[in-house]
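Engineer: sequence unavailable; structure follows:
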């Protein structure tokens, strides 16, 4: 019998995060600091709107691109929060931010087009580029630069085949951000080289040094940028599976075509709940951000007090400590910590080879859980020193 499988898909590596947590799931009483998911419940008024939509029998398909009312509210939100100029026609509602990422690559890439992917980064970019026929170009970022993308690094990998640059800030897994001044330098390169940007801003509301700045808000960049965002992180709505893309209408129209054929539309109940989130959810976002910031400062101090170097993350809800002094690979350290102390963290290599020597630790957990996990991490370190 002939091989039933696609060679392209078969050769894709499984997610390093999932592979590690499959191991953790076989053990009891594991304290997990690895999953990138808020520990807050979705705010009640948002859940209530979802319930009400079901009670009203709103269980039909919406238009492919999303409820017009939701797109209108997203447009207002993007303008109000980040100064972004996108109209309703330039917004596509998707099944989470991940679908928006995939749809952007499919709509914009021809075979052989190169996409620059700064690493460490979210695990989906590289396989999605490959499945869209593009060529991923990995660009390792460094701790000495606080894992920021610099002009010099970007120019070092731009070629005549480069079409897109992924801008993953605030960053998962490092927590790095890019300031407006730093983005302006990158924007100049993008315009000079006639490139496009996929700006993944899913953690835009979790920035701890003033408001997040989107590269799309800079002069001449809205027409070159597809902004990816959603409701999972900001509003604690991971299971609702709702995201969106905002970009030039010519791109969004083609992304909607892809969306039509593979999805039809995002979940109707989730869309009605999201209208309530963007209309009246600012106080919820602020409350959760303040809690994350408290946890961030606590975890960073405790990790440094253990003698583990860690640059200060200013976005998302992760720290990325450097464990190279212990003479173990990231995979070895994380596996031994799990087996000996039942604390689950993610090896830095799950986010790219340049993540070697680092761990991703999430602080999307209560202070009490963080304290318990830190005690166990200290015990583990005591045994290996």
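Structural biologist: Thanks, I have the structure now. Keep in mind that this is a model prediction, so the values were computed, not measured.

Engineer: assign residue 165 to helix, strand or coil.
Structural biologist: Judged by DSSP: H, G, I helix; E, B strand; the rest coil, the three-state class of residue 165 is strand.

Engineer: low-confidence regions, this structure specifically.
Structural biologist: Across the chain, residues meeting the criterion (pLDDT under 70) sit at 19.

Engineer: give me that answer again for 80
Structural biologist: Across the chain, the ranges flagged by pLDDT under 80 are 15-27, 35-36, 385.

Engineer: all the helices of the chain, residue numbers only.
Structural biologist: Using DSSP state H, the helices of the chain run over residues 7-10, 16-24, 44-55, 68-82, 96-108, 125-131, 151-157, 180-192, 249-262, 268-280, 282-305, 330-341, 367-384.

Engineer: to the chain's geometric centre, what's the distance from the third one?
Structural biologist: It refers to helix 44-55. Here helix 44-55 shows a centroid-to-chain-centroid distance of 26 Å under the convention CA atoms, centre = their mean, to the nearest Å.

Engineer: I'd say residue 330 and residue 359 touch.
Structural biologist: Yes. Counting by CB atoms under 8 Å, residue 330 touches residue 359, with 6.1 Å between them. (Each C-beta comes from the backbone N, C-alpha and C, glycine too.)

Engineer: pick the most deeply packed of the helices of the chain.
Structural biologist: Per-stretch averages of neighbours, counted by mean count of other CB atoms under 10 Å, single out helix 96-108 among the helices of the chain, with a mean of 24.

Engineer: for it, name the packing helices and strands.
Structural biologist: Packed against helix 96-108 by the contact rule (3 or more CB pairs under 8 Å, 6 or more residues apart in numbering; DSSP states H and E) you find strand 91-94, helix 125-131, strand 162-167, strand 196-200, strand 225-230, strand 243-246, helix 249-262.

Engineer: and residue 240, how many neighbours?
Structural biologist: Burial of residue 240, expressed as a neighbour count using other CB atoms under 10 Å, amounts to 25.

Engineer: picking that back up, Serialize the helices of the chain to CSV and add fields for distance to residue 224.
Structural biologist: Formatted as CSV, the helices of the chain follow (distance: least, CB to CB, whole Å):
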stretch, distance to residue 224
helix 7-10, 28
helix 16-24, 31
helix 44-55, 33
helix 68-82, 16
helix 96-108, 11
helix 125-131, 18
helix 151-157, 14
helix 180-192, 6
helix 249-262, 10
helix 268-280, 25
helix 282-305, 28
helix 330-341, 35
helix 367-384, 40
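
Engineer: can you say which of these is nearest to residue 164?
Structural biologist: Residue 164 lies closest to helix 96-108 among the helices of the chain, at 6.5 Å (CB to CB).

Engineer: go ahead and measure how far the closest one is from the middle of the chain.
Structural biologist: Using CA atoms, centre = their mean, the distance from the centre of helix 96-108 to the centre of the chain it belongs to is 13 Å.

Engineer: now stretch 137-144
Structural biologist: Computed by CA atoms, centre = their mean, the separation of stretch 137-144 from the middle of its chain amounts to 17 Å.

Engineer: straight-line length of it, end to end?
Structural biologist: End-to-end distance for stretch 137-144: 21 Å, by CA to CA, to the nearest Å.

Engineer: which parts of that stretch count as buried, going by neighbours?
Structural biologist: By neighbour count, and taking 16 or more other CB atoms under 10 Å as the criterion, the buried residues in stretch 137-144 are 137, 139, 141, 143.

Engineer: pull the contacting residues for the third one.
Structural biologist: Read that as residue 141. For residue 141, the residues meeting the contact criterion (CB atoms under 8 Å, 6 or more residues apart in numbering) are 118, 119, 120, 147, 148, 149, 153, 174, 176, 354.

Engineer: whichever of these end up buried, select them in ChimeraX.
Structural biologist: To isolate the buried members of these in ChimeraX, using 16+ other CB under 10 Å:
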select :118,119,120,147,148,149,153,174,176,354
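
Engineer: max pairwise distance over the contacts of residue 141: which two?
Structural biologist: When those are compared pair by pair using CB to CB, the farthest-apart members prove to be 153 and 174, with a separation of 14.6 Å.

Engineer: what sits against the spatially closest residue to residue 209 that is not a sequence neighbour?
Structural biologist: Distances taken as CB to CB, 6 or more residues apart in numbering place residue 314 nearest to residue 209, at 4.6 Å, with adjacent residues excluded. Counting by CB under 8 Å, 6+ apart, residue 314 makes contact with 170, 175, 176, 177, 207, 208, 209.

Engineer: these two touch, right, the fifth one and residue 170?
Structural biologist: Yes. At 5.8 Å, residue 207 counts as touching residue 170 under the criterion of CB under 8 Å.

Engineer: neighbour-wise, which of those two wins?
Structural biologist: Ranked by neighbour count (other CB under 10 Å), residue 207 and residue 170 place residue 170 first, with 26 against 19.

Engineer: distance of the more buried one relative to residue 176?
Structural biologist: Using CB to CB, to the nearest Å, residue 170 is found at 7 Å from residue 176.

Engineer: shared neighbours, these two?
Structural biologist: The contact sets of residue 170 and residue 176 overlap at 314, 315 (CB under 8 Å, 6+ apart).

Engineer: for residue 31, which of the helices of the chain is the nearest?
Structural biologist: When those are ranked by distance to residue 31, counting by CB to CB, first place goes to helix 367-384 at 4.7 Å.

Engineer: what angle sits between that closest one and helix 282-305?
Structural biologist: 20 degrees (axes from the mean of the first three to the mean of the last three CA atoms, to 10 degrees).

Engineer: helices or strands up against helix 367-384?
Structural biologist: Judged by 3+ CB pairs under 8 Å, 6+ apart, helix 367-384 is in contact with strand 31-32, helix 282-305, helix 330-341, strand 343-344.
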